[in-house]
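Enquirer: Structure for this input, please:
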Amino acid sequence: MAKIGAKARIRDFFESRVGQIVMTHEIAEIAGIADYQRRIRELRNEEGMKILSHIDRHDLKPGHYILETLDRSPGFGRGMSPQLRTMILERNGFTCQMCGAGAGDPDPFDPARKVRFHIDHIVPVSQGGTDDPLNLRVVCSACNAGRSNVETPSETARNLIARIRRAPRSVQREIFEMLKRSIGD
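Expert: Okay, the predicted model is just below:
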């Protein structure tokens, strides 16, 4: 008999409770793994399941999820190659492009851990973004957690320079050194 994976168990659990609120402890128990949230994201993104949380609906509490319907949206596959991931990490100097956290820095949510990096789509795939390297950047877990399919407004070079000019000289020097390291010659 074939062993059923955590994602399949979670899928079956949600499908058997369409329209009912389920709680994280129930999902964790069904999944039998610590990283069940990733499986929920995969079900949403890759299989198009309409699994909602408190972020999507104001009447849900944190830790509550609901599968609204068995109808599915178009899914998005995970197709980024390890070579592309490495290229983006190297291009961005193993540095978060939103907050500047570097490899080996402590995680702001858990200082006992090191920062974890993700490859982020500047324009989310759900909004037409692609895996083109120009649409990809490195972000840390802390910055990625709050982003969730949101395209941040672009900032012109002129606005950035104005903000940097208002910063203290020591901060300007730090920015210059970081740019030198990440861009090179």
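Enquirer: ok, the residue most central in space within the chain - contacts?
Expert: Residue closest to the average C-alpha location in the chain (CA atoms, centre = their mean): residue 144, at 4.2 Å. Listed by CB atoms under 8 Å, 6 or more residues apart in numbering, the contact set of residue 144 reads 118, 120. For the C-beta atoms, the positions are set from N, CA and C on the backbone; glycine is no exception.
Enquirer: Where does it fall, secondary structure wise?
Expert: Secondary structure assignment for residue 144, by DSSP states H and E: helix 141-147.
Enquirer: ok, now residue 179?
Expert: helix 169-183.
Enquirer: can you pull the buried residues of that helix?
Expert: residue 182 (16 or more other CB atoms under 10 Å).
Enquirer: begin at 131 from here
Expert: Understood, numbering begins at 131; the last thing we discussed is helix 299-313.
Enquirer: Tell me which residues are up against that helix.
Expert: With contacts defined as CB under 8 Å, 6+ apart, helix 299-313 is touched by 222, 223, 225, 230, 294, 295, 297.
Enquirer: what about the fifth one, which SS state?
Expert: Translated: residue 294. helix (DSSP: H, G, I helix; E, B strand; the rest coil).
Enquirer: Regarding residue 230, what are the backbone dihedral angles?
Expert: Per-residue torsions, residue 230: phi 90, psi 0 (degrees, to the nearest 10).
Enquirer: Need the pLDDT of it.
Expert: Here the pLDDT value assigned to residue 230 is 82.
Enquirer: State the distance from it to residue 221.
Expert: 15 Å (CB to CB, to the nearest Å).
Enquirer: likewise residue 233?
Expert: 14 Å.
Enquirer: follow-up on the earlier one: going through the contacts of helix 299-313, which ones are buried?
Expert: Using 16+ other CB under 10 Å, the buried ones in these are 222, 223, 225.
Enquirer: And those, which is closest to residue 181?
Expert: residue 222 (31.0 Å; CB to CB).
Enquirer: For the closest residue to residue 174 other than its chain neighbours, give me its contacts.
Expert: Counting by CB to CB, 6 or more residues apart in numbering, residue 174 lies nearest to residue 181, which is 5.4 Å off, once chain neighbours are set aside. Each residue near residue 181 by CB under 8 Å, 6+ apart is listed here: 144, 170, 173, 174, 195, 196, 197.
Enquirer: Give me the lowest-pLDDT entry from those residues.
Expert: Ranking the contacts of residue 181 by pLDDT, residue 174 lands last with 85.
Enquirer: So residue 200, which state does it fall into?
Expert: coil.
Enquirer: For residue 172, see how far away it is.
Expert: Distance from residue 200 to residue 172, by CB to CB: 17 Å.
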